[in-house]
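Peer 1: turn this into a structure:
(one chain, ligands or ions: 1)
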Amino acid sequence: MLIRHTPVLAALTQLSCPVQVFPHAGIQQLTHTHTPAASMPDEKMDETKKKKKKTAECCGYPISIFFIVVNEFCERFSYYGMRAVLVLYFRYFLLWDDDLATSIYHAFVALCYLTPILGAIIADSWLGKFKTIIYLSIVYAIGQVTMAVSTIHDITDSNRDGTPDNFTFHIALSMLGLILIALGTGGIKPCVAAFGGDQFQEHQSRQLNTFFSVFYLCINAGSLLSTLITPVLRAQECGIHTQQQCYPLAFGVPAVLMVISLVVFIAGSGMYVKTDPEGNIMWSVCKCIGFAIRNRFRHRSSSYPKREHWMDWADEKYDKLLIAQIKMVLKVLFLYIPLPMFWTLFDQKGSRWTLQATTMSGDFGGFILQPDQMQTVNPILILTMVPIMDRLIFPLIQKCGLNFSPLKRMTVGMLFAATAFVSAALVQIEIDKTLPNFPSSSESQLKVVNMYSTTLNVTISPSEHLLIESYGSSADYITFDHQDITVSLNTSNVITKAFSLIKGGRQTLIIPSDPTVMYLVEDTKSKPREGKNAIRFVNGWTADLNITNLDSIEPSATTNYTLVNQGKRDFVLRHGEQWCEFSRKFGFGASYTFLITEAVFSSDCESIVEVEDMKPNSVHMALQIPQYFLITTGEVMFSVTGLQFSYSQAPKNMKSVLQAGWLCTNAVGNIIVLIVAEIGKLPKQWAEYVLFASLLVAVSIIFSIMAYFYTYIDPAEIEAQIRKEQGLEPEEKEKEKETLEMEEKDQKNEQGVKQTKI
Ligand SMILES: C[C@H](N)C(=O)N1CCC[C@H]1C(=O)O
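Peer 2: So this is what the prediction gives:
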């Protein structure tokens, strides 16, 4: 069979066109060997006419962009604000355990980045971007309201004890809310970015790139504000019958912001450039690909001449333009295959890095930073680094004559993320030096506390001999590689008792005022969560005691651990009319047992003895700043560029689809985090960080090779040339005139800006 080769198809299949770097644009474009007007497709020109009539401009930017970026700010506030308190809601309202809460949280985030495919298909094939954004924003707002309602404990708290009586109701409502939110946030995300891009005209490529940077700034401004505000709202107390943590307010404010986002978007509706969907494009794409594969298979014999691209096997039945568009999209999607690895590392900020922060000290002198607040460093850095990169670093690189093309930027971004993980590994090594020596799964550890009135000689079979003074403890934990021990106490007569220790556990042997009833209590064997401190009391007084926020404690008994925050804490010990106040300043991540002596009231609580079970964290959280700086630099190079690249390389009718493909790399990255968390970790955390860094370096090498073979295209130009070859080109002269007019207008605008600056 004979295949016709047109110049455009040859250009598409060989992809070896000369390239030219546009100033600031970052995206290399095909060199025009003819006037720009000559390359403009008729359809695009018609659309441009529409744009010219409709779009008002300010400083060279379409005014409609203002509504889109404000909409994005409010939407991201809503999304990140809700996300900031979600795990806590699962953990402390629905009372799920840590594992379930984290898994559902990550699954939700992954779903939010998978639904863009659905939104893109709806937008590009059916409703168009404008209507898709409106309808899915309504779904999103309903989801946020449903979520806020699901957190009102009073709805099912018929016995008014402060906890919901019907958990199934709250779980069902919140899951419905989350599904609607995922559908809404994911569905509109590819459309909003692409819709913003659609507002720009051919001659505004510089402004288009700035738009994507401003868009990213708005995302992070929204994220920063909401991550700071919603936890504060959650910490308030509210309720109808009983006062509880105010989840309805923490979820309600994001719901209000989502409604505002929708109103702002609708307010701009008269100004937007709205491109209509071109029928069920996704279905046509699938059918065309299916036909190409079947046709290739039918003609597999070597007697048939080869075609330059496997999609050319759809030539017999499908339009050349569609085939060319599919080739463009597939080429970019293929390039995306290695990208999820970046997000796998990036998304660990919220999990592994936050856990790392819980083993560090957040005392910054003037203020205290909680471990999860460390994440706000990312949006703060984005807000400062995007302008610096855009205005200073990238132009400087360009001035030096270096071709820092988008795909090179993305590769360098990945390498920055890898170095962030090397930095995290170095910090981890420092932390490990300060961590207690926890027992392995076959070992047991024991500490001894003496509440007896005199010093005791304690022998633990077979070979441990300890001398422990009254209201004192053994210096540190003793490690045993067996569980069964016998303890002998040398009091007036020898008391002997056998115990079985917990494998892999840490315990304390409490010897009370009556040593014959000595007993074991279980100790914490990991750092207390969220950088808090675990404390407990042993009552050496002669009667029951009440301690603030703790149950009443019997003589000789030990309380369970209570978690207290960093800072000065006061406890009132009370028995009947007698009381005293005990104050203590806590650091981060320590564990203490307080021994209450017989003289507690007569000494005004001064005689209480502190036994340090676990030292407070000593490595400072500031050491995490370099890793945050490196990952954020990586994000600016990778994510902002990826957003622009996905828009610029997509054919007009598949812009949202490529945005969705880009967002999907994020979803896959999140799913990898989930799988890694489930499969388990390397024995050493620093080794896991190094492993992730090495994987990303390997992936970025693969990506750079793929990028080397990628040729940047101007989809509009290719589409125009195909249309021209198909005889669909309108009057050249009219087009030329239109373009010249547009360029003149652009120049005037730029001069206007310069004059204003002067
Ligand atoms: C908050 C992040 N710095 C950020 O801007 N993003 C993380 C995933 C992509 C992007 C977003 O759109 O939220």
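
Peer 1: buried ones in the strand or helix carrying residue 321?
Peer 2: Element membership for residue 321, per DSSP states H and E: helix 320-336. For helix 320-336, the neighbour count (16 or more other C-beta atoms under 10 Å) marks 320-329, 331-333, 335-336 as buried. For the C-beta atoms, the positions are set from N, CA and C on the backbone; glycine is no exception.

Peer 1: nearest to the ligand, of the residues you listed?
Peer 2: Nearest to the ligand out of these is residue 336 (C-beta to the nearest ligand atom; 14.5 Å).

Peer 1: the closest one touches residue 661, doesn't it?
Peer 2: Yes: if you go by C-beta atoms under 8 Å, residue 336 and residue 661 touch, sitting 5.8 Å apart.

Peer 1: around the ligand, which positions in the stretch 301-450 of the chain sit nearby?
Peer 2: Applying C-beta under 6 Å from any ligand atom, one finds that the stretch 301-450 of the chain approaches the ligand through 378-379, 382.

Peer 1: export those residues to JSON lines and tack on neighbour count?
Peer 2: Converted to JSON lines, these look like this (neighbours: other C-beta atoms under 10 Å):
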{"residue": "378", "neighbour count": "22"}
{"residue": "379", "neighbour count": "22"}
{"residue": "382", "neighbour count": "23"}
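
Peer 1: among those residues, name the ones in strands.
Peer 2: Judged by DSSP state E, the subset of these located in strands is empty.

Peer 1: hang on, the earlier thing: and the following helix or strand past the helix holding residue 321, how far out from the chain middle?
Peer 2: Later in the chain than helix 320-336, the nearest helix or strand by DSSP H and E is helix 340-346. Distance of helix 340-346 from the chain centroid (C-alpha atoms, centre = their mean, to the nearest Å) equals 10 Å.

Peer 1: put the alpha carbons of helix 340-346 into PDB.
Peer 2: Provided in PDB are the C-alpha atoms of helix 340-346 (Å, rounded to 0.1, in the frame of the first residue of the first chain):
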ATOM      1  CA  PRO A 340       5.200  10.100  39.500                       C
ATOM      2  CA  MET A 341       8.500   9.400  41.300                       C
ATOM      3  CA  PHE A 342       9.000  13.100  41.900                       C
ATOM      4  CA  TRP A 343       5.600  13.200  43.700                       C
ATOM      5  CA  THR A 344       6.400  10.100  45.600                       C
ATOM      6  CA  LEU A 345       9.200  12.000  47.300                       C
ATOM      7  CA  PHE A 346       7.300  15.300  47.400                       C
END
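
Peer 1: so what does residue 465 look like in phi/psi?
Peer 2: Residue 465 adopts backbone torsions of phi -120, psi 120, taken as degrees, to the nearest 10.

Peer 1: likewise for residue 583?
Peer 2: Backbone torsions for residue 583, taken as degrees, to the nearest 10, come to phi -110, psi 140.

Peer 1: helix or strand: which one has the nearest residue to it once chain neighbours are set aside?
Peer 2: Counting by C-beta to C-beta, 6 or more residues apart in numbering, residue 570 is the residue found nearest to residue 583 once chain neighbours are left out, at 4.9 Å. Take DSSP H and E as the rule and residue 570 turns out to sit in strand 567-575.

Peer 1: now for the closest residue to the ligand within the stretch 51-200 of the chain, how many residues are close by?
Peer 2: Residue nearest to the ligand within the stretch 51-200 of the chain: residue 76 (6.1 Å; C-beta to the nearest ligand atom). For residue 76, the neighbour count with other C-beta atoms under 10 Å is 24.

Peer 1: excluding chain neighbours, what is closest to it?
Peer 2: Counting by C-beta to C-beta, 6+ apart, the residue nearest residue 76 is residue 222, at 3.4 Å.

Peer 1: chain center to the host helix or strand of that neighbour, what's the gap?
Peer 2: Assigned by DSSP H and E, residue 222 belongs to helix 205-235. Taking C-alpha atoms, centre = their mean, one finds the center of helix 205-235 at 13 Å from the center of the full chain.

Peer 1: tell me the strands beside the next helix or strand after that helix, with direction?
Peer 2: Later in the chain than helix 205-235, the nearest helix or strand by DSSP H and E is strand 237-238. Here strand 237-238 is paired, per DSSP bridges, with strand 244-245 (antiparallel).

Peer 1: run through who's touching the strand it pairs with.
Peer 2: Strand 244-245 is contacted by residues 92-93, 153, 162, 234-238 when judged by C-beta atoms under 8 Å, 6 or more residues apart in numbering.

Peer 1: just to revisit the earlier point, isn't there a helix covering the residue of the stretch 51-200 of the chain closest to the ligand?
Peer 2: Yes: counting by DSSP: H, G, I helix; E, B strand; the rest coil, residue 76 falls inside a helix.

Peer 1: next up, the contacts around it.
Peer 2: Neighbouring residues of residue 76 by C-beta under 8 Å, 6+ apart: 218-223, 226.

Peer 1: among the residues you listed, who's most crowded?
Peer 2: Among those, residue 226 has the most neighbours (other C-beta under 10 Å), with 28 neighbours.

Peer 1: quick check: that one vs residue 613, distance?
Peer 2: 38 Å (C-beta to C-beta, to the nearest Å).

Peer 1: and what of residue 56?
Peer 2: In terms of C-beta to C-beta, residue 56 sits 68 Å off from residue 613.

Peer 1: between the two, who's got more neighbours?
Peer 2: Counted by other C-beta under 10 Å, residue 56 and residue 613 do not tie: residue 613 has more neighbours, with 22 against 9.
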